[in-house]
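>>> Next input, structure requested:
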Amino acid sequence: MGRLPAGAGNHVNVAMAIERSAAIPFLKKPPALDGTMAGDVGFDPLGFSTTITELGGDLNYVREAELMHGRQSMLAVVGFVFPSIFGKLPVEWTASVSSEPLTAQYQLPDVVLGQLALSIAIAEGIRASIIYKEDSVPGEHGFDPAGFIPKFCNTPEKMANMKLKEITHCRAAMIAFVGFVFQEAVTGHVWPLI
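Down below sits the predicted model:
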C-alpha cells in the first residue's frame, strides 16, 4: 500500500527539469528567447515571442521595433525635461507654443509640422531600405557620425556590452515616457518629476 506506481518518480523529475525564465522564475522560459540577443533574460509574460515565431515571424524585426521605439523614447524623455528646466528655444515661432510637451504638439506652426513630417518620412525611408535586407542586424543602421563605434566598441565584447546598455536604457526610457505622459495628463505639467 505504501508503494508508488511505476514511473511516478519520473513524472516529478520531468516537471522539475522545465527551464524557467530568469526574469520571472515562476514562468516557463519562452523557447524563442534563447539569450542570444542583448538584454534577453526570458521576459515575455504574454508570450509574444512564441506567437511570433510560431506564425513564421522574425524576432529580429521585433527587436528592431523595440530599439526604434526605445530610441524615440530616449529623445522624448529629453523633450519632456528640457523645456521644464531650460525653457523654450529662443526663436520667434515658439512664443505662442506651450512649454508642456503634450499641449505643444498641437500648437506647432504648420511649417514646423511639415518639416517634421518630411524629416520623419525621409528617415523612415532610409531605415526601411536597411532593415528589410536579408542580413540586417537589428539597430545597426550605419549611422555613427561621431565615430563612436570604432573608438569604444572595437571588440565583440565591448559591442555586446554597449548593445546591452542601449537596450536597457531604451526600456527605461519607454517606461519613463509613459510616466511623463500620465504625469502631465493628470497634473497638467511634468515639473514635480524633475
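>>> how far away is the closest residue to S96 other than its chain neighbours from V77?
Among residues not flanking S96 along the chain, Q107 sits closest, at 6.6 Å (C-beta to C-beta, 6 or more residues apart in numbering). All C-beta spots, glycine's among them, are computed from the backbone N, C-alpha and C. Using C-beta to C-beta, to the nearest Å, Q107 is found at 21 Å from V77.
>>> which ones are touching the residue nearest to S96?
Q107 is in contact with 96-98, counting by C-beta atoms under 8 Å, 6 or more residues apart in numbering.
>>> Which of the residues you listed fall in helices?
The subset of the contacts of Q107 located in helices under the criterion DSSP state H is empty.
>>> From those residues, list just the buried residues.
Buried members of the contacts of Q107, scored by 16 or more other C-beta atoms under 10 Å, are V97.
>>> List the backbone torsions phi and psi for P45.
The phi/psi pair for P45 (degrees, to the nearest 10) reads phi -60, psi -20.
>>> tell me the pLDDT at it?
Per-residue confidence (pLDDT) for P45: 83.
>>> Helix or strand, whichever it is, which one in the protein has the lowest mean pLDDT?
The weakest-scoring helix or strand in the chain, judged by mean pLDDT, DSSP states H and E, is helix 8-16 (a mean of 52).
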